[in-house]
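> Turn this into a structure:
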Amino acid sequence: MSRHRPPAPAKSPYITRDGWTALHEEQDALWKKRRKVVKHLSAAAAEGDRSENAEYIYRKKQLRELDRRIRYLQKRIPDLKVVDAHPEGTDQIFFGAWVTLENEEGDEIVYRIVGADEFDPKRNWISIDSPMARALLKRRIDDEVTVHTPGGAVTMFVLQVHYVNPVATN
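Numbers count the residues shown, from 1 in each chain. Just a heads-up that it's a prediction; the model follows:
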């Protein structure tokens with residue numbers, strides 16, 4: 001049995017302006033944090049025997065993790081395409097939309113379709129690459145949407161589509 005893993009499917013290059021700004025802020029914060037970690041690492045290395053120096057080992061691990069994330073952001077950010085424009089017909093679902101759905105039990109839920117680098121389940125922001133978002137794209141108000149999930153097929157109805165946060169406007 002080999003240890004080869006097939007490459008992950010490519011993520012969509014789309015991102016909202018807020019997501020793009022957040023990634024740049026994260027990158028800047030990581031560089032600042034990296035400077036501090038390098039300073040602490042140098043102090044720990046100066047203490048002598050590195051093989052039993054817990055501070056040195058911890059800081060090396062921390063530096064590796066920071067460098068991995070910085071490297072990812074440096075490769076990912078230039079490839080991203082910021083989507084600022086809203087579509088002309090705002091009754092159809094596209095990237096960046098807040099979509100209000102009703103399930104078969106009558107419960108309403110609001111999802112926002114965002115880029116793969118900014119999805120947040122706590123805020124109900126779903127990646128454009130997710131099965132839910134793919135099922136919603138190009139649908140209109142009052143359409144019935146069936147999403148195939150690991151737990152089975154789920155049917156929902158599109159109630160509203162907004163391209164400005166509906167919570168902020170109320």
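> Please identify the buried residues of the lengthiest helix in the chain?
Longest helix of the chain, by residue count under DSSP state H: helix 17-45. For helix 17-45, a neighbour-count test (16 or more other Cβ atoms under 10 Å) marks Gly19, Trp20, Leu23, Gln27, Leu30, Arg34, Val37, His40, Leu41, Ala44 as buried. The C-beta positions use only the backbone N, C-alpha and C, and glycine is treated the same way.
> Per-residue pLDDT of the fourth one, please?
Read it as Gln27. On pLDDT, Gln27 comes in at 97.
> count of neighbours near Ala133?
Applying other Cβ atoms under 10 Å, we find 23 residues neighbouring Ala133.
> who touches the helix or strand it falls within?
Using DSSP states H and E, Ala133 maps to helix 131-136. Here helix 131-136 makes contact (Cβ atoms under 8 Å, 6 or more residues apart in numbering) with 93, 99, 111, 113, 126-128, 145-149, 158.
> all helices of the chain, in order?
Using DSSP H, helices in the chain cover 17-45, 54-76, 131-136, 166-169.
> Before I go, just wanted to say thanks for your time.
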